[in-house]
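**Student:** build me a structure from this.
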Amino acid sequence: TPFEGTDPPELYHKYVGHDDNRDWYAFTQIETQLTVDKIHNVWHPQIVNDIHQQGAFGARLFLPPYLAPVEPNVPKQLVEGYTELGNFVAKDLRGKGFEGITTDSTYDAWTPARAYSHYHGGVRILSETASAKLATPINVKFEDLRGGLMYDAKKETPNFAPVWKGGEWHLKDITSYMTNAAFSILKHASDNRAKWLTRFYAIGKEAVRPRKDGELFAYIFDKKNSRYDSKFWQIIHRAGVETRAVSKFTYEGKNYEDWTVLIPMNQPYAGFARAMIDEEIYPDLRDTKGQPIPPYDVTAHNLALLTDTKLIEIKSPFKLPKTPKGREGGLGNGNGLGFGGSKPFPKLLYKSYVPSMDEGWTRWILDAYKRDIEAITKDQFLYESVFDKEIKDSDLSTKTKLIIFPDQSPNQILNGYAKGAMPDEFVGGVGAEGVANLKKFVEDGGTLVFLNRASDFAIEQFGLPVKDVTKGLPRKDFYIPGSILRTEIDTTNPIAKGMSAQSIAWFEDSPAFEVLSEPSAVADGLTKNISPKNVEIIARYPEKPNEILLSGWALGAEKIAGKAALVSINIGKGKIILFGFRPQYRGQSLATFPLFFNAIEN
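**Tutor:** Sure, this is the predicted structure:
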């Protein structure tokens, strides 16, 4: 058909789309759990060949080594290993006449979300082969070739060679590159089996050695001050990290009870634990023009912060107490969602034909909790997907009291696919008619919840008396590519029920709000004279810029200092709630789940 080779108008994984390859430390998806439980944790591979496809107009094949930075808990032996193996495969394939091969470009080795093996004694050899139209050949003109981060597809350099001159690109070419790379990896592994096994042994030996004075010796679990740690411990244990429950003891003047849990550092997978717990700061990387060099994925992966699990460091050798006798009681404060628990009602979740992974994650969370929570509360998670046509044509108030708009660009929500890009039934967004319908829905008493970038859609279309202070800022002045920030919460607001006065926000392509001093309006008259007095600020960022970043990278944090992260705006009989972050981020940010559930229950 004319649409052959286009992306389907829905996620290609039922829930999470391409984020199925961002799940290698949170283990939310069944596919990840099975792979970890039945392959990685059984075979403990020294080499993992992770075969992918990338865009059609860049390099024909990517191989390691990876770009800097490397996550600090990846052993140096593995950096040496993937560098040696990746360069060997690239040289081997070039010698066989394969063209357009790049190394040391595009992909980094920062986040454990893509590299389980790097914390379990093995290298991850990512290969990315250029795509066709599924199985249909394409013709690529040389002048249409594009480069990527640290290479130009039209120019030979030490990390890109030889240049592919363009032409037809077939499924056979894709499988040929993949297969030859795989056999080259096998050859290197076979010829260097003693070296690979010795490297694996050296990593394990270093991991289990006794810790010296001044080194991190263990973490103490602070159960009293932790909130959603059950998820944290499920992840830690699935990854093979050993914990130890001990008898009561005193450390640095503080008394700890029987069954206090420790995570010792002299164990095989302590590096995984540290990657989940340490508040790491991503390096401030810029190019020669001062522009930030983007990471391949996000910059924060701190599950302790995301699940509000508190751990205390022991920084010197310490004699561990014995395990107490009797019944164990050391782990797990439960998921404690903390939502209001009002009378159950069906919610509508907006689903664009331009697929949104955040929409999929939201569905997954509602479905997962509906499955897992006691039957008495299952109805709290009732929802239905609602599409553009229903938003435009329906009397929404007869269907629901609440509609959720997941993270998606304002243009995609308003306009969807352009005519000709998809079959007609998938073209267009909510349009002006949908905006008018949504306005009436709110004035009649409904609630609209907008997550992250969808908040800008609401601001633009409804003339809300707030502005996004990040809009239009140059990247060299403001750039926060997936980081965990500190927030201050108004705990008197019903949406903040169950929250502490300080919490977090997952900030990624996110807005931050400033309340305007005058009423706002939009030109077409859909919404007029909404007073700033109608705005309630529920969460904001600290006034001091140096207190905002908790983990990751925040360039220009001063631009959002003191600004609102979560607001509620009363309109007529209803309200609009704007999240300037993703409170249900990839099913991981349990610390902010209560804000999300309270927003949709209140």
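**Student:** which residue is the nearest non-sequential neighbour of T592?
**Tutor:** P583 (4.1 Å; C-beta to C-beta, 6 or more residues apart in numbering). No exception for glycine: its C-beta is placed from N, CA and C like everyone else's.
**Student:** how about the contacts made by that neighbour?
**Tutor:** Neighbouring residues of P583 by C-beta atoms under 8 Å, 6 or more residues apart in numbering: L451, A505, W506, S589, T592, F593, L595, F596, A599.
**Student:** of these, which pair is most distant in space?
**Tutor:** W506 and A599 (15.4 Å; C-beta to C-beta).
**Student:** span of stretch 17-32 from start to end?
**Tutor:** End-to-end distance for stretch 17-32, by C-alpha to C-alpha, to the nearest Å: 13 Å.
**Student:** relative to the whole chain's centre, how far out is that stretch?
**Tutor:** Put simply, stretch 17-32 sits 10 Å off its chain's centre (C-alpha atoms, centre = their mean, to the nearest Å).
**Student:** A421 contacts Q412, doesn't it?
**Tutor:** No: between A421 and Q412 there is no contact under C-beta atoms under 8 Å: 12.0 Å.
**Student:** compare those two (neighbour count), which wins?
**Tutor:** Using other C-beta atoms under 10 Å, the more surrounded residue of A421 and Q412 is Q412, with 18 against 13.
**Student:** which residue packs closest to that one, ignoring adjacent ones?
**Tutor:** Closest to Q412 by C-beta to C-beta, 6+ apart is V354, at 4.6 Å.
**Student:** out of the helices and strands in the protein, which is least certain?
**Tutor:** Lowest mean confidence among the helices and strands of the chain (mean pLDDT, DSSP states H and E): strand 520-521, at a mean of 60.
**Student:** could you pull out the helices in the stretch 201-350 of the chain for me?
**Tutor:** Per DSSP state H, counting those that start in this stretch, the stretch 201-350 of the chain carries helices over the ranges 229-238, 270-277, 303-306.
**Student:** can I get those in a markdown table with mean pLDDT and mean neighbour count?
**Tutor:** Formatted as a markdown table, those follow (pLDDT from 0 to 100; neighbours: other C-beta atoms under 10 Å):
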| stretch | mean pLDDT | mean neighbour count |
| --- | --- | --- |
| helix 229-238 | 96 | 20 |
| helix 270-277 | 98 | 24 |
| helix 303-306 | 98 | 24 |
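**Student:** tell me how many other residues crowd I391.
**Tutor:** So I391, with other C-beta under 10 Å, has 23 neighbours.
**Student:** is it located within a helix, as I assumed?
**Tutor:** Yes: when DSSP: H, G, I helix; E, B strand; the rest coil is applied, I391 is found to be in a helix.
**Student:** where does it land on pLDDT?
**Tutor:** Model confidence at I391, given as pLDDT, is 97.
**Student:** please name the nearest non-neighbouring residue to it.
**Tutor:** In space, I391 is closest to G434, 4.1 Å off (C-beta to C-beta, 6+ apart).
**Student:** so, low pLDDT: which residues of this protein?
**Tutor:** 327-330, 332-344, 372-380, 519-529 (pLDDT under 70).
**Student:** now do the helices in it.
**Tutor:** Along the chain, counting by DSSP state H, helices occupy 30-35, 41-43, 76-95, 171-191, 193-208, 229-238, 270-277, 303-306, 357-372, 388-393, 410-415, 431-443, 454-462, 593-601.
**Student:** for the residue nearest to Q53 when sequence neighbours are not counted, give its distance to P268.
**Tutor:** Spatial nearest neighbour of Q53, excluding adjacent residues (C-beta to C-beta, 6+ apart): S131 at 4.6 Å. Here S131 is placed at a distance of 38 Å from P268 (C-beta to C-beta, to the nearest Å).
**Student:** same deal with F221?
**Tutor:** 20 Å.
**Student:** neighbour count for these two, which is higher?
**Tutor:** The neighbour comparison of F221 against P268 (other C-beta under 10 Å) goes to F221, with 24 against 18.
**Student:** list the contacts for the more buried one?
**Tutor:** F221 neighbours (C-beta under 8 Å, 6+ apart): D229, T243, T260, V261, L262, I263, T309, K310, L311, G330, L331.
**Student:** repeat for A454
**Tutor:** Contacts of A454 (C-beta under 8 Å, 6+ apart): F405, P406, D407, Q408, P410, I413.
**Student:** may I have the beta-bridge partners of Y479?
**Tutor:** Residues in a beta bridge with Y479, per DSSP bridges, are L555.
**Student:** correct me, but it touches G290?
**Tutor:** No: the criterion here is C-beta under 8 Å, and Y479 misses it with G290 at 11.2 Å.
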